[in-house]
Structure formats: structure tokens, C-alpha cells
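**Q** what's the 3D shape of this:
(one chain, ligands or ions: 3)
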Amino acid sequence: MFERPAAEKRAVFLIDLDHFKPVNDAHGHAAGDKVLIDFASRIEGHFPGGLVARFGGDEFAAITPPLGDEQDALNFARYVIAAVQAPFDYNDVALRIGASVGVAMIGDDKVDSVGEALRRADIALYEAKRRGRRQIAVYESALESAVQARSWMEAELKLALQAGDIVPYFQPIVDLATRDVIGYEALARWRHQTRGMINPADFIPIAEQTGQIQEVCEAIMTQAVTLGRFWPAHVMLSVNLSPVQLRDKDLAQKLLAILAAHDFPASRLEVEITENALITDLMTAKTNIEALRAAGVSVALDDFGTGASTLNHLRVCQFDKIKIDQTFVQSMADSNDSIAIISAIIGLSRNFNLRCTAEGIEKASDLELLSGWGCAEGQGYLFGRPAERTAFETVTAPEDSAAAGR
Ligand code: C2E
Ligand code: CA
Ligand code: CA
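**A** Numbering: from 1, shown residues only. Ligands and ions are numbered 1, 2, ... in the order given. As a prediction, this is how the structure comes out:
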């Protein structure tokens, strides 16, 4: 009888290139192809007795040579990340990308098929990307529950969209001098059949990951413009766009189609985008912003000062408005730094000729300070919490008569 040799320990990697799409978009497919080929040759030699293969798009799979333990696998993964550190050359242009790596150990009884190894590496890759760029994650069973929660949420969200359970709540934006309402921001809520109201922080990230975010936005916008059409003409409607949407080159066209279908003037729509929308693919974001502005839509830079933006973005992209993030407003009373940041943002908006809205105003004293510093618009619980209906529906247009009567 032969004794069965101990299974060889190896690791399966799934490698995803970060920032590959912008390279393709900005420099053309030939540049993208060159980066893929150069990347493959940089890492290929480092898997002797292993295997490296392109898996599709900007994803690669690799099998390591036999390993001692998980630590060895991590060292291989670190090599992959380091291999993309140096820029790639294309016609004397230095192209920079990154890589994320998901690792699954094989040689373990439970991993009895290639499919299972790849499934685990995929779960780990997902975790690596969730942690940020240039990260490595090793599969562990604890990651399974996150996968299940996500697929549950994805299926539920699909049903919710069909059933009309994703609804806009409206929060007033006011003129700080007169306290008159000058607009409403539509904020997404999920009216869940059994779990009650779910906040956007709990489902927008899932919708972004599963590719459902555009549908969520369309559901919110459609309902909001349907009500907003009947508001006084000077009252603006603001909607939030996810960074994921800004990477879609057809975004502007899709949003304008919704306005046209509901006869809502583009000049009354404002879209709010965060600085993070400008990071991964500045050029597509810029093209979308320009197309929206050309059609008359205003563009606001949301949560200003909290993201990974540079002032250069204010030069490259044209905005109509900056929104001061509520964290600065709410820490004003005990932080001189917050005060300095707020007055710098107000100054910046003035110099760039942009409107400025302070968010998260809860106290009358904050209102006084902010308007004293020259901030003209505000939003916050002091003026109104997000609600299902605006002042115009309850006062002048009770739900059904609005649609029927006009
Ligand atoms: P945001 O765009 O910065 O929206 C402002 C958030 O601050 C809202 O939370 C609002 O309810 C809350 N807020 C407003 N005034 C005050 C205040 O005085 N005090 C405090 N403590 N909070 C205040 P909400 O509705 O939970 O939305 C959270 C975030 O979710 C939004 O932040 C936005 O980034 C995102 N979001 C909401 N709706 C959508 C949507 O339709 N699409 C996308 N992509 N993102 C959305
Ligand atoms: Ca917003
Ligand atoms: Ca905000």
C-alpha cells in the first residue's frame, strides 16, 4: 500500500487591475493591450512551476508554486502588487495602474475543485477591493456571510425596485437670509415590507456593487420629478449621483431622457456629486458634467472637503455649487479647525464664483455664524428633516388632486 502524499499547498490568486479602464479610455485600446502584456510579463517569471493566465478584461488568475504556508502566499501576492508599482510605458507616456489580489489556499480537503478554489479567490478579491486599492485579502469562511448578505440584499433590492418600494424623501434647502425654501434634495429611502425603513447608507453601497445604482437613481428621479413639476418654478430639485454612475459615459443622456419623459425643465434640476466621483475616471466624469451643464442642469460638489479631491478638480471640472459637509458644520462650536475649513470653503466658492450650501445646520447659532461668514444657502434639521412630502404637496397640492387637477 502506498501512503497518499500530503496534498501540496498552493494558492490560487485572482488579480484585478485598478485604474485600467481610464487607461483604455484616455489612451486607447492599444495602450490598454500593451499594459496587459507588460503586466503579464512582469509577473509571469515569478510563478515558476505555477501558472499565470488572463481571465478576461483586466482580471488575471495565477497558481503559485508549492508553498510552505499562508505567509508564503502573501509574499507572492505582495510581489504582484509591487510589480505594478512602476509605471507602464506606452509611446513614452507613463501609465499608472494598481492591482488588488484575492487569495485562496488550496491543498485543503474542502477545496476539491478548481471551481471552488476560484470561487473562494473571487470572494477574497471582492474583500480586497472593498478595503481599497492595492489590497490583498485571503479567503476565510467569515467572508461567506458577507457574500450571502449581499446576494440576499441584491435579490431584495430587485424586488423593491419592481414594487416601487424605493422612494424619495425630500429635505428643504433654504436661503439663509430669508429662510425661504429654494429647493429640495431627494434622499433615497427603502420602504421595506417587513423591516421598515432602510436608510441609504445601508443599501446604496450594495446597489453600487451590484450594478443596480442607476436603477435606484432612476426610480428616485422619476418619482421626484413627478412631484417636482408642480412646485413653484423657482424651487430646484437636487438628486444625488453615485461615483459609479459618473463612470458611465451615457449617464448625462440617461438623466436628460428622464427629464424629457416627464416634462421637467433641466434648469430646475441639480445633481450632487462627491469628490470621489472624480478620482477613478476624471475624464468620463468631466464629459458627463459638461453634457449636463450644457443642457442647463446645475452640478453641485457634495460633502466638500471630506473626499480625496484636489483643488485641481475645481479647475478641470466646472461646478455651480459647493456643499460644505455637515461634519464641519457640526463641529464648529468646538473646533477652530472646522471654522477655518468652513471659511476657506466659503472663500473658495466666492473666488470660483460658485454658490455655497452648508449642510447639517441644527442650531440657530450655526445659522447666524454661517450667514455672517457669507454662506447664502443651508440645509439641516433646523429647517426641516427629510420627509415624504414637501411643503408644496401638503399645502397646495394634496396628493391626488395635484396630478388630476393640473
Ligand atoms: P448627503 O447627500 O450628504 O445627504 C445628507 C444626509 O444628511 C442625509 O442623510 C440627511 O438626512 C442628513 N441630514 C440632513 N440634515 C441633517 C442635520 O441637520 N443633522 C444630521 N445629523 N443629519 C442631517 P441620508 O438621507 O441618510 O443620506 C445619507 C447619504 O446617502 C447622502 O448623504 C447621500 O450621499 C446618500 N444618498 C441618499 N440618497 C441617495 C441617492 O438617491 N443616490 C445616491 N447615489 N446616494 C444617495
Ligand atoms: Ca447630497
Ligand atoms: Ca452632503
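**Q** The stretch 251-400 of the chain: strands as residue ranges?
**A** Assigned by DSSP state E, counting those that start in this stretch, the strands in the stretch 251-400 of the chain fall at 269-274, 298-304, 321-324, 355-358, 377-378.
**Q** Including mean neighbour count and distance to V93, could the ones you listed go into CSV?
**A** From N, CA and C alone the C-beta is placed, and that goes for glycine too. Formatted as CSV, the strands of the stretch 251-400 of the chain follow (neighbours: other Cβ atoms under 10 Å; distance: least, Cβ to Cβ, whole Å):
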stretch, mean neighbour count, distance to V93
strand 269-274, 23, 28
strand 298-304, 23, 29
strand 321-324, 25, 33
strand 355-358, 26, 38
strand 377-378, 24, 42
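**Q** So which of those is nearest ligand 3?
**A** For ligand 3, the closest of those is strand 298-304, at 4.4 Å, according to Cβ to the ion.
**Q** The residue nearest to the spatial centre of the chain and G32, how far apart?
**A** Centroid-nearest residue in the chain: P243, 3.7 Å away (criterion: Cα atoms, centre = their mean). P243 sits 21 Å away from G32, going by Cβ to Cβ, to the nearest Å.
**Q** What's the separation between the closest residue to L369 other than its chain neighbours and L176?
**A** Residue nearest to L369 in three dimensions, not counting chain neighbours: M332, with 6.6 Å by Cβ to Cβ, 6 or more residues apart in numbering. In this view, M332 and L176 are 15 Å apart by Cβ to Cβ.
**Q** got the residues of the protein near ligand 1?
**A** Residues of the chain lying near ligand 1 by Cβ under 6 Å from any ligand atom: 171, 187-188, 199-201, 204, 217, 220, 240-242, 272, 302-303, 326, 360-362, 379-381, 386.
**Q** Buried subset of those as a PyMOL selection?
**A** For the buried members of the residues of the chain next to ligand 1, the matching PyMOL selection, counting by 16 or more other Cβ atoms under 10 Å, is:
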select buried, resi 171+187+188+200+204+217+220+240+241+242+272+302+303+326+360+361+379+380+386
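**Q** near ligand 3, which of the residues of the chain next to ligand 1 show up?
**A** 302-303 (Cβ under 5 Å from the ion).
**Q** Need the mean per-residue confidence for stretch 221-234.
**A** Taken as a whole, stretch 221-234 carries a mean pLDDT of 97.
**Q** and what of stretch 139-152?
**A** The model assigns stretch 139-152 a mean pLDDT of 88.
**Q** Need the CA coordinates for it. CSV is fine.
**A** Only the C-alpha atoms of stretch 139-152 are listed here, as CSV (Å, rounded to 0.1, in the frame of the first residue of the first chain):
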residue,chain,number,x,y,z
TYR,A,139,-10.3,33.8,1.8
GLU,A,140,-11.7,32.9,5.1
SER,A,141,-15.1,31.3,5.9
ALA,A,142,-16.2,34.5,7.8
LEU,A,143,-16.3,36.2,4.4
GLU,A,144,-19.1,33.9,3.3
SER,A,145,-21.8,35.5,5.4
ALA,A,146,-21.0,38.9,3.8
VAL,A,147,-21.5,37.2,0.4
GLN,A,148,-24.8,35.8,1.4
ALA,A,149,-26.0,39.1,2.9
ARG,A,150,-25.0,40.8,-0.3
SER,A,151,-26.8,38.4,-2.6
TRP,A,152,-29.9,38.5,-0.3
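**Q** How far does it sit from its chain's centre?
**A** In terms of Cα atoms, centre = their mean, to the nearest Å, the centre of stretch 139-152 is found 21 Å from the chain centre.
**Q** contacts for that stretch?
**A** 102-105, 120-121, 123-124, 126-127, 137, 206, 209-210 (Cβ atoms under 8 Å, 6 or more residues apart in numbering).
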